[in-house]
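[1] From the sequence below, what's the structure:
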Amino acid sequence: MSKNAKIAAGGAAAGLLLFLWLPWWAALLVVLGVPAAAYLALDPAQRRRLRRVSRKELGR
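    Below you'll find the model as predicted:
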């Protein structure tokens, strides 16, 4: 398995555990909050680069 596949599998497993352990609304808050917090932690230059790459790949 590649490194990204391992990360994705770990994230899916963690998500399933959260849905079983926490109420659905708390698990949803974690699932939506972690990527939002990670994006906000980037500095402006990194955000610009991320948006540029995302737009370029959407145009394919």
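[2] separation between residue 3 and residue 50?
    Here residue 3 is placed at a distance of 19 Å from residue 50 (C-beta to C-beta, to the nearest Å). C-beta: built from backbone N, CA, C; applies to glycine.
[3] Counting neighbours around each, name which of these two comes out higher.
    Comparing residue 3 with residue 50 by other C-beta atoms under 10 Å, the one with more neighbours is residue 50, at 12 against 7.
[4] Where does the prediction get shaky in this protein?
    Within the chain, the stretches with pLDDT under 70 are 56-60.
[5] Dihedrals phi and psi, the residue positioned nearest the centre of the chain?
    What sits nearest the mean C-alpha location of the chain, by C-alpha atoms, centre = their mean, is residue 35, with 4.2 Å. Per-residue torsions, residue 35: phi -60, psi -40 (degrees, to the nearest 10).
[6] From residue 1, how far out is it?
    The gap separating residue 35 from residue 1 is 22 Å, by C-beta to C-beta.
[7] And residue 20, by the same measure?
    Between residue 20 and residue 1 the distance is 24 Å, computed by C-beta to C-beta.
[8] can you check residue 10 too?
    Residue 10 is 11 Å from residue 1, by C-beta to C-beta.
[9] before we move on, what about residue 44?
    Per C-beta to C-beta, residue 44 is found 34 Å from residue 1.
[10] same check, this time on residue 23
    Applying C-beta to C-beta to residue 23 and residue 1 gives a distance of 32 Å.
[11] could you pull out the strands for the protein?
    Applying DSSP state E to the chain gives no strands.
[12] now the helices for it?
    3-21, 24-41, 44-58 (DSSP state H).
[13] send the alpha carbons of stretch 44-55 over as CSV?
    C-alpha atoms of stretch 44-55 as CSV (Å, rounded to 0.1, in the frame of the first residue of the first chain):
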residue,chain,number,x,y,z
PRO,A,44,-1.6,32.9,2.7
ALA,A,45,1.0,31.7,0.2
GLN,A,46,0.2,28.1,0.9
ARG,A,47,-3.5,28.7,0.5
ARG,A,48,-3.0,30.4,-2.8
ARG,A,49,-0.9,27.5,-4.1
LEU,A,50,-3.5,25.0,-2.9
ARG,A,51,-6.3,26.9,-4.7
ARG,A,52,-4.3,27.2,-7.9
VAL,A,53,-3.5,23.5,-7.9
SER,A,54,-7.1,22.6,-7.2
ARG,A,55,-8.4,24.8,-10.0
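[14] Done for today, thanks.
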